[in-house]
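1. No sequence on hand, only this structure:
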C-alpha cells in the first residue's frame, strides 16, 4: 500500500466516523479494528502490515481532523508492553491484550527493578514457583514502578530456577495488578510527587496462560522490553524544538531582558545538540521499521538524559533568582508528566531522574562501549 492509498483509507474512515460526533472510546475501538491504530502491526491486531514510517502520515490525518487521540498515561503500554507481547506472546495473548492496551482501557506498568537489582537487573530475586496445576505463585518486592497505582497489568520478570545462572533462570509474565497479594505503596520524589511506587508481591497467583515466552527465557523477552524502553524515553518522533529545549527557546524569545552574549552562545550549543539528538532518534525509529530495537537506543536515551539536565540547569541560570521559586509541594500521584506546565525549579529537579530511569547512564555507557563501539568488556577486580 502506498502512502496516498493509506491517506484515502484514513479519510474514508473519518467520513464514516465523524470525530465531531463520535465518542472517544468507540472511535478508538473502530480505529483499531480498521487497522489504523499502529499500521505496522499485523492485520487483525490494529495494523495493516505496513512499513512503520507510514504511521506518522496516518496520525497526521487523524490529528488534522480533530480525532480523539490515544493519550497514554504512561508510555509503558504502547511503547514497551505492546512490542514485547507482539514479538514473544501467543496469538491468544495478542487477541486478549493488544486492543485494550491501545485504547488505554488497560494501563500497564513494569515490575522489573528491585531494591538489590536495579542496574544489575538479571540479579532479580522475586521468585515464581510452579504449582501442580501449571500456574505460578510469586513472592518478592519491586521498586521504582511508574503508575503502578493505576495499572491493570504489569510486565513482570521473576526467577523460576534459582540453580541456573542469573540470566538463564528467569521467566517473563504478565501480572494482574488487581490479583490478591499485590500491594502498591507510593514513593515520594524530590519534586513532591509520587509518580513511582514500590510493589510487594505476596503469594500472587499467575496462570501459566499469562507467561510470555518460554520458561527460563525471561531475559531474552526482557531485553526486547528494555530496548524499546530506551527508545520510548529518548527516541520519540517529535517536531523541532519539542521538549525541554522548546520551553527554554520560548523564554529566550519572550524575555529579552534576560539575554546576554554568553547565554546566547550556551543556548545555541544546547539547541544544536537537541536537534542532533532529535534527528538521531528519528533515524533510529526508521531503522526499527525494518527490524527490532538494538543497543543504539541506549545512546539515544543517554543523550536525552544528559541534554534534559543541561537544558534545565541553563534555564535556572538564565532566569536567575526567580527560577528558584517552587510553586507547589503538594503530594500528588500524577498520571501524566506535566513538566512543561510547571515552574523551572520543578523541571530542574525532575530532570535529575532522567539519568536513572530506563537504565542508569553509567550502565548505558557500558552498553554503548561494548555493544555499539565494540570495545572490550569492563573488567572488575
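-> The structure has been received and is ready for your questions. Nothing here was measured: the structure is a model prediction, and the numbers come from that model. Numbering: from 1, shown residues only.
2. Which residue ranges of the chain form helices?
-> Secondary structure of the chain by DSSP state H: the helices cover 3-16, 24-33, 55-64, 82-88, 91-102, 218-234, 244-254, 261-288, 296-319, 344-351, 361-367.
3. and these, which one's lowest on average pLDDT?
-> Taking the average pLDDT of each of the helices of the chain, the minimum falls on helix 218-234, with a mean of 77.
4. Could you check how many residues crowd around residue 23?
-> Using other CB atoms under 10 Å, residue 23 has 9 neighbouring residues. Any C-beta I mention is one placed from the backbone N, CA and C, and that applies to glycine too.
5. In contact with it, which residues are there?
-> With contact set as CB atoms under 8 Å, 6 or more residues apart in numbering, residue 23 has no partners.
6. Pick the most deeply packed of the helices of the chain.
-> Mean neighbour count (mean count of other CB atoms under 10 Å) peaks for helix 218-234 among those, with a mean of 23.
7. re earlier: same list, the helices of the chain, but as JSON lines with distance to residue 122 please.
-> Below are these laid out as JSON lines (distance: least, CB to CB, whole Å):
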{"stretch": "helix 3-16", "distance to residue 122": "41"}
{"stretch": "helix 24-33", "distance to residue 122": "35"}
{"stretch": "helix 55-64", "distance to residue 122": "33"}
{"stretch": "helix 82-88", "distance to residue 122": "17"}
{"stretch": "helix 91-102", "distance to residue 122": "24"}
{"stretch": "helix 218-234", "distance to residue 122": "6"}
{"stretch": "helix 244-254", "distance to residue 122": "32"}
{"stretch": "helix 261-288", "distance to residue 122": "24"}
{"stretch": "helix 296-319", "distance to residue 122": "16"}
{"stretch": "helix 344-351", "distance to residue 122": "28"}
{"stretch": "helix 361-367", "distance to residue 122": "12"}
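8. Any idea which of those gets closest to residue 337?
-> helix 344-351 (7.6 Å; CB to CB).
9. Determine the set of other helices and strands touching that closest one.
-> Contact here means 3 or more CB pairs under 8 Å, 6 or more residues apart in numbering; DSSP states H and E; on that basis helix 344-351 packs against helix 244-254, helix 296-319.
10. Minimum distance to residue 103: which of those helices has it?
-> Across the helices and strands packed on helix 344-351, the minimum distance to residue 103, taken as CB to CB, is reached by helix 296-319, at 26.3 Å.
11. Can you spell out the domain ranges of the chain, please?
-> The chain breaks down into these domains under automatic domain parsing: 3-69, 108-216, 235-372.
12. possible to save those as CSV with distance to residue 89?
-> Shown next, in CSV, are the domains of the chain (distance: least, CB to CB, whole Å):
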stretch, distance to residue 89
domain 3-69, 10
domain 108-216, 5
domain 235-372, 15
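13. What's the end-to-end length of stretch 312-326?
-> Terminal residues of stretch 312-326 lie 14 Å apart, using CA to CA, to the nearest Å.
14. Measure how far that stretch is from the centre of its chain, please.
-> On the basis of CA atoms, centre = their mean, to the nearest Å, stretch 312-326 sits 28 Å off its chain's mean C-alpha point.
15. Quick check: pLDDT value at residue 373.
-> Reported pLDDT for residue 373: 86.
16. for it, phi and psi?
-> phi -90, psi -10 (degrees, to the nearest 10).
17. Longest strand in the protein, please.
-> Ranked by residue count, the top strand of the chain under DSSP state E comes out as strand 196-206.
18. which other residues reach it?
-> Under CB under 8 Å, 6+ apart, the answer for strand 196-206 is 111, 126, 128, 131, 135-149, 154, 156, 173-176, 179-187, 189.
19. Pull out the buried residues from those residues.
-> 111, 126, 128, 135-149, 154, 156, 173-176, 182, 184, 186 (16 or more other CB atoms under 10 Å).
20. how close does the residue nearest to residue 163 when sequence neighbours are not counted get to residue 33?
-> If you skip the residues right next to it in sequence, residue 163 has residue 169 as its closest partner in space, 7.1 Å away by CB to CB, 6 or more residues apart in numbering. Here residue 169 is placed at a distance of 40 Å from residue 33 (CB to CB, to the nearest Å).
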